[in-house]
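[1] give me a model of this one.
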Amino acid sequence: MKIAFDLDGVLHDWHGAVWKKYFMHEFNDYEVFWKEQWNSIDKERWQPILHDEEMYTGDALAPVVNMLHKLSLRYHIYYVTLRPQEFVDTTRKWLTRNGFPDPSHLFVVKHNKVPICQKLEIDLVVEDRIPIMSELADSGFQVLGVKQPWNEDEITEYPHVEGVLRLEREIARIESTRKAYRRRNGNS
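    Here you go, the predicted structure:
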């Protein structure tokens, strides 16, 4: 099985880094900020934040990296992200420095994850943004969401986990269901 993981909001705490550096002094509740207030910030104020390299280079959580190593023993791991193109090398170095498996399987796309997921023949996409999940699901991809403050009102429409560290168990369940379906339909 081939699995594509989003980075920011799934494997990397970009939102935490942004909140701590840019908004914590102004909005004192992380959950409330990302659920209700972030979209009230002017686009002009977001531009330098989106292009702040520091937001893409923080330390990864060791349990997340360990989980991905376990998954990489059974599945093909890919990283598909909408990070700015200027950070392709930064992101590859970040994956390598933090010990992620298969850092060469990084794909940074500009607007749409569907074409690269089709090209790679991805079986499952792990994502946190509802519009992207919808686009992928509408294109026939199986999606698995990671619940976050910014998506908690809409994510119930999709299979999802309450936290990134619950992915390992849910992915095993999905694989088991896929195998059972193939056996029932004579496609072992």
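[2] run through the neighbouring helices and strands of the biggest helix by length in the chain.
    Scanning the chain for the helix with the most residues, using DSSP state H, yields helix 167-184. For helix 167-184, the elements it packs on are helix 62-72, strand 124-127, strand 142-146, judged by 3 or more Cβ pairs under 8 Å, 6 or more residues apart in numbering; DSSP states H and E. Any C-beta I mention is one placed from the backbone N, CA and C, and that applies to glycine too.
[3] nearest to Tyr30, out of the ones you listed?
    Evaluated over the helices and strands packed on helix 167-184, closeness to Tyr30 peaks at strand 142-146, with 15.9 Å, by Cβ to Cβ.
[4] quick one: distance of the closest one to the chain centre.
    For strand 142-146, the gap between its own C-alpha mean and the chain's C-alpha mean amounts to 9 Å (Cα atoms, centre = their mean, to the nearest Å).
[5] can you pull the contacts of His15?
    Residues touching His15, when contacts are defined by Cβ atoms under 8 Å, 6 or more residues apart in numbering, comprise 8-9, 30, 34, 148, 150.
[6] closest to Glu86 among these?
    Asp8 (14.8 Å).
[7] my read: that closest one touches Ala17, true?
    No: contact status for Asp8 versus Ala17: not in contact, 9.2 Å apart, counting by Cβ atoms under 8 Å.
[8] which residues in this protein form helices?
    14-18, 30-32, 43-50, 62-72, 88-97, 114-120, 130-138, 167-184.
[9] just confirm Glu175 contacts Met1, I think it does.
    Yes: using Cβ under 8 Å, Glu175 is in contact with Met1, at 5.7 Å.
[10] quick one: common contacting residues for these two?
    Residues within reach of Glu175 and of Met1 at once, by Cβ under 8 Å, 6+ apart, are 74-75.
[11] domain ranges for the chain, per the record?
    As given by automatic domain parsing, the domain ranges for the chain are 2-13+59-184, 14-55.
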